[in-house]
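Novice: Can you look at this prediction? I've put the sequence above it.
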Amino acid sequence: KQWYQRRVRGLCLRLGRSVVRNGLLNCSKAVSQLTADKEVVGLGWASDLENEMRAGLSEKPALTDIVNYYFNKAAPACEEECLKTIRKGSYEKSLQLIRGTLGVIKPCNDVLEISFPIRRENGDIETITGFRSQHSHHRTPTKGGLRFSEDIDRETINSLAKINSFTSALIDVPFGGAKAGIRINPEKYTTRELEKIVRRFTVELAKKGFIGPGIDVLGPDLGTGEQEMNWIADTYRNTLGSQDLNSYACVTGKSRAMGGIHGRDRSAGKGLFLTCSQFLEDADFMKAVRLIPGAFGKKVIIQGFGNLGYHTSRYFTRGGAKVVGVMEKDCSIYNADGIDPDALEAWITETGSVAGFPGAQETDKNLLHEPCDILIPCAVEKVITCDNVNDIKAKIVVEGANCTMTPMAYEMILKKNVLVIPDILNNSGSVCTSYFEWLKNMKHVSFGRLTFRYTKEANKHLLNSVQTSIETLFDTDCPIVPTPEFEANMSGASEKDFVNSGLSYTIEGTVDSVSKLCKQHELGLDVRQACYIIAMSKIVTIYSTAGYTFT
């Protein structure tokens, strides 16, 4: 029963070894040889396995090819995991159900493409194109951000929606995956024009049933932030959601005044840091990459100093690491003694560029290739390819942006004993905090508000009770004075405390499960495959348990 599973399970691993050993020119030959068996090619989850694997391992794969490659690579082990819990009749029937479900979750369920006109301030009429993709409805609502970019298309949005599904499943957040995009460069539009675009896009989504607190929830992404989310919430509340009590829950990432939650703006950076810290504390992983456990003293280089890069650098600096290099599109800076992230952020706010920052030296070197302990690409996709992967000298690569390396580069870098912490795991911070904000909006009360006064009074009574007991026993005055730490927390957990506690708990549990699966399946440093196996297994289990409607 297990023979063909083991046969397929080793397919991608041997393919990666063949690519590293024989080089890119023999890639197609290696794929053809390894997919020649009918047992391999005929599997339900990968009927086009050969073409998809070849596309994923090409020099310039599309984003959809990258996601499909990792999906196919994890599918055999996902079958094994699902067979442990799913029993629908005989072994063959169970396997048939699992493979069929894997085929169901591979494409996106719903994709919407919208074109609408806006009148610009100079009088011109311009047509705007937008997309919204809902990958999986195993959980509802679906959840995913809205980005502004001139480079997006339908396939890109579909791929990002898949990644969101896997991230939500991985960290046990009850959302399906989605993603939205508007094909514009926001720098070319005024604030008033951007507001027109966002509000019209929201109306179009509402008309098509692609937005709502229990249907589809948007959030910030590349090129968007609090202001755009506020516009979306206000537009939905005054149109389709005018009689919906939970209307503000149609979008997360809003400002606090509009129902946002504490720490949402820094959640992506904090989640990335907490995830990386968990791996840094794992002695087995650190031994494999020849590093001392812990973040203290680690040298970090960050590509991209936007919201994610800034907050990531802040948390690493607080943790004792040194951010020695920052790469931006116009300039790179380096300081072996460490760069102050707050000072750099203030400089960028004042001047609009990292150039001339007095706390570091400008450099013409490609900092991706500089020696460091941790490299964090936070800017764009596919910055590490088979052309430059051999120049990477970092011991750990933490993917801040989605799909920062091609599959071939990933297979090659694993052979160098470099730990790659993947995007679907690092995205957990923003997804988890978005979930907390959604819960807050659905409950219409901030976390801790109902218990602050009671908890504070209860703690005072506790201290008075202890003081009275001691004074009665020893017949003397004995005032009990709380420590500053206890006094600061006498009122119980604030919204900030709830968010930080929930985020830390979620990430610790997720990384622990990923680490265990890596060891169980002997994946070594292939953390990405472990993440995909866990996420896909959870989605398959939900579909298989609930069954299919009208099938």
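Specialist: Great, that's in hand.
Novice: Next SSE downstream of the strand or helix carrying Val104?
Specialist: Taking DSSP states H and E as the definition, Val104 sits inside helix 91-105. Per DSSP H and E, the first helix or strand lying C-terminal to helix 91-105 is strand 110-119.
Novice: Tell me who's in contact with the residue sitting nearest the centre point of the chain.
Specialist: Among the residues of the chain, the one closest to the centroid is Asn427, at 1.6 Å (CA atoms, centre = their mean). Taking CB atoms under 8 Å, 6 or more residues apart in numbering, we find Asn427 in contact with Ile163, Asn164, Thr167, Ala268, Gly271, Asn402. All C-beta spots, glycine's among them, are computed from the backbone N, C-alpha and C.
Novice: Could I have the ChimeraX command that selects the buried members from the residues you listed?
Specialist: In ChimeraX syntax, the buried subset of the contacts of Asn427 is picked out as below (16 or more other CB atoms under 10 Å):
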select :163,164,167,268,271,402
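Novice: In the protein, where is pLDDT below threshold?
Specialist: 1-51, 53, 551 (pLDDT under 70).
Novice: Spatially nearest residue to Ala343, not counting backbone neighbours?
Specialist: On the basis of CB to CB, 6 or more residues apart in numbering, the spatially nearest residue to Ala343 that is not a chain neighbour turns out to be Gly359, at 5.5 Å.
Novice: no no, Ala493
Specialist: Of all residues not flanking Ala493 in the chain, Gly448 sits nearest, at 5.3 Å (CB to CB, 6+ apart).
Novice: Name the SS class of Arg314, please.
Specialist: Under the three-state scheme (DSSP: H, G, I helix; E, B strand; the rest coil), the conformation of Arg314 reads as helix.
Novice: picking that back up, would the residue nearest to Ala343 count as being in a helix?
Specialist: No - counting by three-state DSSP, Gly359 is not part of a helix but coil.
Novice: Surely the residue nearest to Ala493 and Ser494 touch.
Specialist: Yes - counting by CB atoms under 8 Å, Gly448 sits close enough to Ser494 to count as a contact (5.4 Å).
Novice: so who does Ile292 touch?
Specialist: Met286.
Novice: That one falls within a helix, correct?
Specialist: No - Ile292: not assigned to a helix; according to three-state DSSP it is coil.
Novice: Against Gly176, how distant is the residue nearest to Ala493?
Specialist: Using CB to CB, to the nearest Å, one gets 29 Å for the distance from Gly448 to Gly176.
Novice: now swap in Leu272 and tell me
Specialist: From Leu272 to Gly176 the distance is 23 Å (CB to CB).
Novice: So for the two, which sits in the more crowded spot?
Specialist: Relative neighbour count places Leu272 above the other of Leu272 and Gly176, with 30 against 24, counting by other CB atoms under 10 Å.
Novice: quick one: the helices in the stretch 401-550 of the chain?
Specialist: Secondary structure of the stretch 401-550 of the chain (DSSP state H, counting those that start in this stretch): helices located at 407-415, 423-426, 428-443, 452-474, 484-488, 495-520, 527-546.
Novice: These: which one's closest to Gly225?
Specialist: Among the helices of the stretch 401-550 of the chain, the nearest to Gly225 by CB to CB is helix 428-443 (12.2 Å).
Novice: by contact count, what packs against the closest one?
Specialist: Other elements packing on helix 428-443 under the criterion 3 or more CB pairs under 8 Å, 6 or more residues apart in numbering; DSSP states H and E are strand 142-148, helix 154-170, strand 216-220, helix 267-280, helix 495-520.
Novice: count of neighbours near Ser515?
Specialist: Number of residues near Ser515 (other CB under 10 Å) recorded here: 17.
Novice: Same check on Lys415?
Specialist: For Lys415, the neighbour count with other CB under 10 Å is 14.
Novice: how close does it sit to Val289?
Specialist: From Lys415 over to Val289 the distance is 13 Å, taken as CB to CB.
Novice: for Asn417, same thing?
Specialist: Between Asn417 and Val289 the distance, using CB to CB, works out to 6 Å.
Novice: check contacts around the nearest residue to Gly263 once chain neighbours are set aside.
Specialist: In space, and not counting its chain neighbours, Gly263 is closest to Val499: 5.0 Å by CB to CB, 6+ apart. Residues in contact with Val499 (CB under 8 Å, 6+ apart) are Ile261, His262, Gly263, Ser267, Thr433, Phe436, Phe447.
Novice: ok, the third one to Lys496 distance?
Specialist: In this structure, Gly263 and Lys496 are separated by 6 Å, where distance is defined by CB to CB.
Novice: give me phi/psi at the nearest residue to Asp65 once chain neighbours are set aside?
Specialist: Excluding the flanking residues, the one nearest Asp65 by CB to CB, 6+ apart is Ala55, at 4.1 Å. Dihedral angles of Ala55 (phi, psi; degrees, to the nearest 10) stand at phi -60, psi -40.
Novice: So what's the residue count around Ala55?
Specialist: Neighbourhood size, Ala55 [other CB under 10 Å]: 18.
Novice: before we move on, the earlier item: give me the more crowded residue out of Gly263 and Lys496.
Specialist: A direct count of neighbours by other CB under 10 Å for Gly263 and Lys496 places Gly263 higher, at 19 against 13.
Novice: Can you give me the separation between the residue nearest to Ala493 and Glu487?
Specialist: Using CB to CB, one obtains 17 Å as the distance from Gly448 to Glu487.
Novice: ok, residues contacting the helix holding Val104?
Specialist: Applying CB under 8 Å, 6+ apart, the set of residues contacting helix 91-105 from outside is 1, 43-45, 75, 78-79, 82-83, 86-88, 135-136, 138, 165, 536, 539-540, 543-544.
Novice: Tell me which entries of these lie within helices.
Specialist: Where the contacts of helix 91-105 overlap with helices, as defined by DSSP state H, the overlap consists of Ala75, Cys78, Glu79, Cys82, Leu83, Ser165, Met536, Ile539, Val540, Tyr543, Ser544.
Novice: So which of those wins on neighbours?
Specialist: Counting by other CB under 10 Å, top hit in the ones in helices among the contacts of helix 91-105: Ser165 with 30 neighbours.
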